[in-house]
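1. Turn this into a structure:
(2 chains)
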Amino acid sequence: GQSLEQPSEVTAVEGAIVQINCTYQTSGFYGLSWYQQHDGGAPTFLSYNALDGLEETGRFSSFLSRSDSYGYLLLQELQMKDSASYFCAVSSSRGYQKVTFGIGTKLQVIP
Amino acid sequence: DGGITQSPKYLFRKEGQNVTLSCEQNLNHDAMYWYRQDPGQGLRLIYYSQIVNDFQKGDIAEGYSVSREKKESFPLTVTSAQKNPTAFYLCASSKAASGTQYFGPGTRLTVL
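-> Numbers count the residues shown, from 1 in each chain, chains lettered A, B, ... in the order given. Next up, the predicted model:
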């Protein structure tokens, strides 16, 4: 089966940088994704890594190390609106692609 | 505009009744998914479908059923056999073999 671990809560100051780590166990690894979810809303896609390395999209970056079964989401120049839950999700492929989500990291940005 | 729609946004049912949640997408995606989210929890996969007329059980399929008669539609039925059905239900779709899922706005089901 698949399992993911990420911190349950993180607090950071507005304007700072925060890193949210994710470790996973899976067979047939296909890729690691990150999603943002504000309270009461639906998850929205942030980034996807299939290969080792860093992917940058504006203030958000995501990193993957397949050999370490590890990834992280980096948020720079934090804004109050970044307060939300962030989920890592692993895609596995054994005939059918299945996506398993972590429990989410609740990020609180403080002034 | 392309996207995923779920209806209704809020749904109330009496215990023992079956209820069907709607999910429609016009993104021309092959794959569709149903997740359940409980307060303060992550998303747990109920069912997923990669192609029309085919679907697979996820991690918590007991008490749920689905159909995929059309590419655009993937309705979920919460049956009376589901012991704790009150939750936030999210539908998603993706291109085949893609790590990017697009989510609908969700349906909050409350069983009284």
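
2. okay, CA-based contacts and neighbour counts for the rest of this
-> Noted.

3. Nearest to chain B: which residue in chain A?
-> Going by Cα to the nearest Cα, chain B is nearest to A:Ile103 of chain A, at 3.9 Å.

4. Contact partners for the closest residue to that residue other than its chain neighbours?
-> Leaving aside its sequence neighbours, A:Ile103 sits nearest to B:Gly42 (Cα to Cα, 6 or more residues apart in numbering or on different chains; 3.9 Å). B:Gly42 is in contact with A:87, A:101-104, counting by Cα atoms under 8 Å, 6 or more residues apart in numbering or on different chains.

5. Now intersect these with the strands, please.
-> Among the contacts of B:Gly42, the subset assigned to strands under DSSP state E consists of A:87, A:101.

6. For the contacts of B:Gly42, work out which two are farthest apart.
-> A:Phe101 and A:Gly104 (7.9 Å; Cα to Cα).

7. Tally up the residues packed near B:Ser22, please.
-> Other residues lying near B:Ser22 total 17 when counted by other Cα atoms under 10 Å in any protein chain shown.

8. for A:Ser3, which residues make a bridge with it?
-> Here A:Ser3 shows beta-bridge partners A:Gln25, assigned using DSSP bridges.

9. Which pLDDT value belongs to it?
-> Looking at A:Ser3, its pLDDT stands at 87.

10. who's in contact with the residue nearest the centre of chain B?
-> In chain B, the centroid-proximal residue (Cα atoms, centre = their mean) is B:Trp34; its distance is 3.1 Å. Listed by Cα under 8 Å, 6+ apart, the contact partners of B:Trp34 are B:45-48, B:76, B:89-92.
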